[in-house]
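A.B. asks: coords please:
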Amino acid sequence: MTPPFLLVAHPGHELLLQGWISLTKPAVHVLTDGSGHTAEPRLDRTAELLRELGAKPGAIFGRLTDREAYALITERNSALLVSLIAELASAIEQQRPSLVVTDAVEGYNPVHDLCCLIAGAAIELSSSNAKHYAYAVVGDPRQGELVIELDDAAYAAKLERARRYAPILPDAAELLARHGSDAYRYETLCAVTDWRRLGADERPLYERFGEERVAAHRYDHVIRRDEHLVPLRDAVCNTLDRRSCAF
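C.D. replies: Numbers count the residues shown, from 1 in each chain. This next block holds a predicted model:
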């Protein structure tokens, strides 16, 4: 059976799915290099972890710096976004995974949410029968449909690796405080029923975070769902519609 695909926004997210990765050996695609504002990539630790777990990097592996990813959104660079979708679609066509897993749309970070859009569009573009599932990056990892409960050995190994690689998951302490360490004994996947949906009706948290950081002179722009992500989503949908009409 062809291994599944995993697409995450940043290095470190794979720590949340260590048990699933160890079982399924997916091709792991990482959208950014995790450099943040430091310009220091964090991909080496991810590559090391994948080797430990018997998985391999995917075709997209740190393709964008974090700055480039946020610029893609603020500049509404649909050409770059469509090129990433086409590249992932090509990999899906060649490798035919039965399952593609992505960061969930949680309204916490726009690049996380973009992963779901990229994967959903790539599956559609490739005319694949792959199932699309997502996992919670910041939400409760126990809520979902496909649930893996780690045994004691796997759970202990997960916590040990999480401590070792904590620098590449900056929100690790906050997540452990919010959900408790025992919650991460579980790894849960939820079916994505509509990859075009960019979240619930309420304002996403990343807008509030952006406003706070602009006020503190840390950011120049606030990324907003309606102003930035919705036009990108609509441009992708228009591209898919034009391509389907060509056949």
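
A.B. asks: all contacts plus neighbour counts: C-alpha atoms, from now on.
C.D. replies: Fine.

A.B. asks: Poorly predicted segments of this structure, please.
C.D. replies: Scanning the chain for pLDDT under 70 picks out 1, 37-39, 166-170, 244-247.

A.B. asks: What helices and strands are in contact with the longest strand seen in the chain?
C.D. replies: What stands out as the longest strand in the chain, according to DSSP state E, is strand 56-64. If contacts are counted by 3 or more C-alpha pairs under 8 Å, 6 or more residues apart in numbering; DSSP states H and E, strand 56-64 sits against strand 27-32, helix 43-53, helix 78-95.

A.B. asks: now, of the ones you listed, which is deepest in the fold?
C.D. replies: Of the helices and strands packed on strand 56-64, the one with the most neighbours on average (mean count of other C-alpha atoms under 10 Å) is strand 27-32, at a mean of 25.

A.B. asks: Just the CA coordinates for it, please, in PDB.
C.D. replies: Extracted in PDB, the C-alpha atoms of strand 27-32 (Å, rounded to 0.1, in the frame of the first residue of the first chain):
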ATOM      1  CA  ALA A  27       5.800  11.300   2.900                       C
ATOM      2  CA  VAL A  28       6.000  14.400   5.100                       C
ATOM      3  CA  HIS A  29       5.700  17.700   3.300                       C
ATOM      4  CA  VAL A  30       6.600  20.900   5.200                       C
ATOM      5  CA  LEU A  31       5.500  24.200   3.800                       C
ATOM      6  CA  THR A  32       8.000  26.500   5.600                       C
END
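
A.B. asks: Give me the angle between that strand and helix 78-95.
C.D. replies: Going by axes from the mean of the first three to the mean of the last three C-alpha atoms, to 10 degrees, strand 27-32 is angled at 170 degrees with respect to helix 78-95.

A.B. asks: Return the list of strands paired to strand 27-32, each annotated with direction.
C.D. replies: Each strand pairing with strand 27-32, determined using DSSP bridges, is listed with its direction: strand 5-8 (parallel), strand 56-64 (parallel).

A.B. asks: Quick one: closest of those strands to residue 191.
C.D. replies: Checking these against residue 191 by C-alpha to C-alpha gives strand 5-8 as the closest, at 13.8 Å.

A.B. asks: would you put the C-alpha positions of the closest one in PDB?
C.D. replies: Written as PDB, here are the backbone C-alpha positions of strand 5-8 (Å, rounded to 0.1, in the frame of the first residue of the first chain):
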ATOM      1  CA  PHE A   5       1.000  12.100   2.600                       C
ATOM      2  CA  LEU A   6       1.300  14.500   5.500                       C
ATOM      3  CA  LEU A   7       1.400  18.300   4.900                       C
ATOM      4  CA  VAL A   8       2.200  20.600   7.800                       C
END
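
A.B. asks: and the next element down the chain from it?
C.D. replies: Helices and strands here follow DSSP states H and E; after strand 5-8, the next one along the chain is helix 18-24.

A.B. asks: Return the set of buried residues in that following helix.
C.D. replies: In terms of neighbour count (16 or more other C-alpha atoms under 10 Å), helix 18-24 has its buried residues at 18, 19, 20, 21, 24.

A.B. asks: The first one contacts residue 158, correct?
C.D. replies: Yes: between residue 18 and residue 158 there is a contact at 6.4 Å, judged by C-alpha atoms under 8 Å.

A.B. asks: In the protein, which residue is most central in space?
C.D. replies: Compute the mean C-alpha point of the chain, and by C-alpha atoms, centre = their mean the closest residue is residue 8, 2.8 Å away.

A.B. asks: about what we covered before: will you turn the helices and strands packed on strand 56-64 into CSV that also has distance to residue 143?
C.D. replies: Below are the helices and strands packed on strand 56-64 laid out as CSV (distance: least, C-alpha to C-alpha, whole Å):
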stretch, distance to residue 143
strand 27-32, 23
helix 43-53, 24
helix 78-95, 28
